[in-house]
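Trainee: Show me the folded form of this:
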Amino acid sequence: MSSCIGFRVGKMLQRNKVRSSVVMLMLAFVIPGSIGFAQTKKDARQAETFDPVGFMKGFRIGMGYDEVQALLPKTAQQDALAYIVGEEAFLLGVDIPGQVMWSASFKFDTLDMPARRPEQLIEFSCSAGSTIRSESFETIVQKVTAAFGDPVDLDRSQERFQQAGWRVSGGSVLTLEYSRMPGVVATNVNIEFVIKKNRRRDTPDSKAIA
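Mentor: Purely as a prediction, here's the structure:
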């Protein structure tokens with residue numbers, strides 16, 4: 001009788017161990033997946049709330065390569081750094097995912113030496129293409145004006161292509177180009193911002209568009 005009871009108790013303990021092992025195994029899969037899912041949702045929210053005007057305001061012509069890297073969003077996808085032989089400059093391409101995919105490019109000068117490396121930022125652009133749901137030209141101009149001050153050039157004369165220009169810090173120029181291409185289903189809107197050194201900054205009456 002006692003041996004029979006001991007056998008039953010042993011079987012129960014064995015079943016409990018198996019159940020505990022199964023539960024621990026399930027938790028091992030579920031917990032990391034939940035953490036990863038939460039992190040993915042966090043990254044997605046950061047991408048969806050990407051503000052190109054605020055993003056551009058953090059950069060200035062003349063800043064170093066490491067400074068640029070420190071300001072890039074964690075969700076940014078970087079291309080391999082490329083050297084442009086004809087311009088003796090390095091080009092870094094970056095994609096910033098979100099509801100609208102923004103692309104940015106950074107051009108750096110380099111020291112004249114055998115071991116070339118990216119040095120100072122000499123040109124920066126940020127662009128995107130989307131559908132008619134995008135903001136209007138006037139709305140974007142208002143946002144840029146709030147960040148950089150009044151534009152020194154504003155061209156609304158063409159229906160499908162409009163542009164504006166602002167003087168920014170360091171003797172640089174910010175140019176906005178806004179174009180609309182009506183399609184069969186919806187209108188495609190292309191937006192491009194470019195910041196570069198103003199070659200005509202010594203002439204106070206000149207326009208901002210370089």
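Trainee: which residues of the protein fall in strands?
Mentor: Remark: strands of the chain, listed N- to C-terminal, are 77-78, 82-84, 89-96, 102-110, 118-130, 153-155, 161-168, 172-182, 187-197; assignment by DSSP state E.
Trainee: So if we follow the domain assignment, how does this structure break up?
Mentor: The chain breaks down into these domains under automatic domain parsing: 1-48, 50-197.
Trainee: tell me the most buried of the ones you listed?
Mentor: domain 50-197 (a mean of 16; mean count of other C-beta atoms under 10 Å). C-betas here are computed from N, CA, C, even on glycine.
Trainee: Can you give me the end-to-end span of that one?
Mentor: 25 Å (C-alpha to C-alpha, to the nearest Å).
Trainee: a markdown table for the strands of the chain, including distance to Met56 and mean pLDDT?
Mentor: Converted to a markdown table, these look like this (distance: least, C-beta to C-beta, whole Å; pLDDT from 0 to 100):
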| stretch | distance to Met56 | mean pLDDT |
| --- | --- | --- |
| strand 77-78 | 17 | 94 |
| strand 82-84 | 22 | 93 |
| strand 89-96 | 12 | 95 |
| strand 102-110 | 9 | 94 |
| strand 118-130 | 6 | 91 |
| strand 153-155 | 17 | 93 |
| strand 161-168 | 9 | 94 |
| strand 172-182 | 7 | 90 |
| strand 187-197 | 6 | 88 |
